[in-house]
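Peer 1: kindly generate the corresponding structure for this input.
(one chain, ligands or ions: 2)
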Amino acid sequence: MIPGLPQRLGQHGLPQRVTVYEVGARDGLQNEKAVVPTSAKAEFIERLGDAGLWMIEATGFVHPKWVPQLADADALLPQLAGRGFTEHTRFPVLVPNRRGLVRAAAAGAKDVAVFASATETFAAKNLNSTMADSMAEIEATLQQALARGMRTRGYVSMCFGDPWEGPVPVRQVADVVVRLAEAGCTQVSLGDTIGTATPGHVRTLIDALERRGVPRDRLAVHFHDTYGQALANTYAALQAGIATVDASAGGLGGCPYAESATGNLATEDLVWMLDGLGITTGVDLRKLADTSGWMAAILGRPAPSRTVQALTKGTRVSTTTVNG
Ligand code: HMG
Ligand code: MG
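Peer 2: Ligands and ions are numbered 1, 2, ... in the order given. Below is the predicted model:
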């Protein structure tokens, strides 16, 4: 065992390779009180790339009054050009509507992510709309994105519970996922916006979606860690055949329009588990933890990730302890 890395013990029935879809620069920073300078965001994204991440959601072209933390989206994307990313690195950006898409295209975005709600209350709070009207706007946005040759992802929020409406029926969630898939989203990410999912619920939803014609290779999972369930839920998703997992460097994150949303699943905690399972991600855990430590210093608070805390405090489990 190498200090600072888990022992590798592969398990049958899990994907051999997982794409870590990094959301720290968007989902993470959108919910921080501090507004991080554009140049520091660009450096953060560059360091994430240097740590081996290649799907890096960079920002959101949402209304700047709604999310002031991302008001610099138009300036940020051009700042990524010419930096030392590998050629297959992608920088998807969040777009709420056609206005956001036009801004994203002007800034050079090639991948966009739209977002829908599985509940009426959250559609009103997050999109200032009804589910039906917001879906119509999303479909129009997707059409224009596809016409521009962009790659498209869709998120569905409140898939596993809603703080205002309570339980959300699996069928109601599936209806929204199917609409996004039919509207042209290559991938749909299942959002546990407030972190209430549990592993059996995750499996049930993924199985239900398969029966509704949305195969596992078109799905991703997006867990927030409010109740400490994010890794258990991820493991359930891996067992169900999901091979794209959203995570946020250092465990930054939340949603400004869902008070009970805390940090996302931390990328370091995810990579620690995947490394231990012998699943390839291409991520260098040490470089990533250093990056999250660096961002935590900018934000003036420790990174929530347990793995970052363990690695940066120099906590080590010795081989003798593990084997003895
Ligand atoms: P609205 O105020 O209802 O917008 O906001 P509107 O359509 O009525 O337009 C009002 C004005 O805003 C117009 O300008 C528009 O042009 C302008 P005017 O004609 O008055 O001068 N406008 C815009 N300006 C810049 N960029 C835009 C844009 N759109 C309209 N994109 C809107 C509706 C959807 C824009 C607003 O509600 C919004 O930005 N919401 C986003 C909220 C948000 O970012 N939430 C967090 C991200 S979602 C999330 O975190 C969940 C996720 O992580 C998954 C999970 O965890 O579940 C993805
Ligand atoms: Mg989120």
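Peer 1: just checking, what packs against the longest helix seen in the chain?
Peer 2: Across the chain, the longest stretch assigned as helix under DSSP state H is helix 131-147. On a contact count with 3 or more CB pairs under 8 Å, 6 or more residues apart in numbering; DSSP states H and E, helix 131-147 meets helix 98-106, strand 111-117, helix 120-127, strand 151-157, helix 170-182. C-beta: built from backbone N, CA, C; applies to glycine.
Peer 1: quick one, strands of the stretch 201-324 of the chain?
Peer 2: Along the stretch 201-324 of the chain, the segments classed as strands by DSSP state E, counting those that start in this stretch run 219-223, 244-247.
Peer 1: any idea which of the ones you listed is most buried?
Peer 2: Neighbour counts (mean count of other CB atoms under 10 Å) averaged over each of these peak at strand 244-247, with a mean of 27.
Peer 1: pull up the pairing partners for it, direction included.
Peer 2: Neighbouring strands of strand 244-247 in its sheet, by DSSP bridges, are strand 19-22 (parallel), strand 219-223 (parallel).
Peer 1: what's near enough to touch the nearest residue to residue 269 once chain neighbours are set aside?
Peer 2: In this structure, residue 269 finds its nearest non-sequential neighbour in residue 307, 4.8 Å apart by CB to CB, 6 or more residues apart in numbering. Residues counted as contacts of residue 307 (CB atoms under 8 Å, 6 or more residues apart in numbering) are 266, 268-269, 271-272, 285, 289.
Peer 1: which pLDDT value goes with whatever residue of the chain ends up closest to ligand 1?
Peer 2: Taking CB to the nearest ligand atom, ligand 1 has its nearest neighbour within the chain at residue 191, 2.5 Å off. You'll see residue 191 listed with a pLDDT of 98.
Peer 1: is it correct that it is in contact with residue 222?
Peer 2: Yes - contact criterion CB atoms under 8 Å: residue 191 and residue 222 qualify, at 4.5 Å.
Peer 1: anything in contact with each of these two?
Peer 2: Shared contacts of residue 191 and residue 222, counting by CB under 8 Å, 6+ apart, come down to residue 155.
Peer 1: for stretch 104-119, buried residues please.
Peer 2: 104-105, 107, 109-119 (16 or more other CB atoms under 10 Å).
Peer 1: for that stretch, measure first residue to last.
Peer 2: Start-to-end span of stretch 104-119 (CA to CA, to the nearest Å) is 27 Å.
Peer 1: so it, near ligand 1 or not?
Peer 2: Yes - where contact is defined by CB under 6 Å from any ligand atom, part of stretch 104-119 touches ligand 1, namely residue 115.
Peer 1: so how far is that stretch from its chain's centroid?
Peer 2: In terms of CA atoms, centre = their mean, to the nearest Å, the centre of stretch 104-119 is set 13 Å apart from its chain centre.
Peer 1: now swap in stretch 157-171 and tell me
Peer 2: With CA atoms, centre = their mean, you get 19 Å for stretch 157-171.
Peer 1: now swap in stretch 248-255 and tell me
Peer 2: 9 Å.
Peer 1: what of stretch 190-203?
Peer 2: For stretch 190-203, the distance to the chain centre is 14 Å (CA atoms, centre = their mean).
Peer 1: show me what counts as buried in it.
Peer 2: Going by neighbour count (16+ other CB under 10 Å), the buried part of stretch 190-203 is 190-199, 201-202.
Peer 1: can you check stretch 85-104 too?
Peer 2: For stretch 85-104, by 16+ other CB under 10 Å, it's 85, 89, 91-98, 100-101, 103-104.
Peer 1: follow-up on the earlier one: what's the closest of the strands of the stretch 201-324 of the chain to residue 25?
Peer 2: strand 244-247 (12.2 Å; CB to CB).
Peer 1: if we can go back for a sec, for the helices and strands packed on helix 131-147, give me CSV that also has distance to residue 209.
Peer 2: Below are those laid out as CSV (distance: least, CB to CB, whole Å):
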stretch, distance to residue 209
helix 98-106, 26
strand 111-117, 14
helix 120-127, 20
strand 151-157, 10
helix 170-182, 6
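Peer 1: mean pLDDT and distance to residue 248 added to those, as a markdown table?
Peer 2: Output for the helices and strands packed on helix 131-147, formatted as a markdown table (pLDDT from 0 to 100; distance: least, CB to CB, whole Å):
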| stretch | mean pLDDT | distance to residue 248 |
| --- | --- | --- |
| helix 98-106 | 98 | 21 |
| strand 111-117 | 98 | 14 |
| helix 120-127 | 97 | 18 |
| strand 151-157 | 98 | 14 |
| helix 170-182 | 98 | 22 |
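Peer 1: this completes my enquiry, with thanks.
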